[in-house]
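Q: Output the structure for:
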Amino acid sequence: MTARIPHFHDGHLVGIQPGDDSALLTIEDVEGLRHQLHLSGAATLQMDDFREGNIISDLFVTSGVSPDTKVLERLFVSPHPDAAAHYHDKHRAFIENKRAAVANGEASLIVITPSYGADLVAYCSNIILQTLPTKKT
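A: Predicted coordinates:
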C-alpha cells in the first residue's frame, strides 16, 4: 500500500533527530499541530536540501507493494562503476532484499516530496505517528 498522509500537505518538516537504528521526524501541520514520526528498526534516512521552512508537498508511506527501485538506490548507493563485479552483484542482491521486505510489508519506505526544502527518503521496519499535545497559553 502506498499511502499519502494528506494532513501534512503544506506542513513543515521542522526537525530530524537520528538515533541508533532509528530516526524521529517532527512535522508541523497547517493547523500548527506538531506531530512526530518515529522510524525504527534499521532506519536509514537520506535527505537533500534541508532548509529553514521546509514545506511538505506530500508525505508517502509505501509498504505491502513493490517500491520503485530508484528510491532504494538513493538510500543505498551502488558501488563505484569501476568496482569489481562481485560488489555490484552483492549490491543488486541487497537492493532486492530491501525491495522484497517493503513489498511483503516487513518494511516501509517514507518519501517526503517538498514544495520547498527537504527532500527525504527513509527505510524502516516500524513507523509510529504521534500528535504532540498543544501548549496551553
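
Q: C-alpha from now on. contacts and neighbour counts both.
A: Will do.

Q: Now do the longest helix belonging to the chain: which elements does it pack against?
A: Longest helix of the chain, by residue count under DSSP state H: helix 85-103. Judged by 3 or more CA pairs under 8 Å, 6 or more residues apart in numbering; DSSP states H and E, helix 85-103 is in contact with helix 69-75, strand 108-116.

Q: Which residues does the first one contact?
A: The contact list for helix 69-75 (CA atoms under 8 Å, 6 or more residues apart in numbering) reads 44-46, 95, 98-99, 121-123.

Q: Give the buried residues for that helix.
A: Under the neighbour-count criterion of 16 or more other CA atoms under 10 Å, helix 69-75 has 71-72, 75 buried.

Q: The residue nearest the centre of the chain: which element?
A: Most central in the chain under CA atoms, centre = their mean is Ala122, positioned 2.5 Å from the mean C-alpha point. According to DSSP states H and E, Ala122 maps onto strand 119-124.

Q: Now do that strand, average pLDDT.
A: The average pLDDT within strand 119-124 is 95.

Q: helices or strands up against that strand?
A: Using 3+ CA pairs under 8 Å, 6+ apart, strand 119-124 sits against strand 44-48, helix 69-75, strand 108-116.
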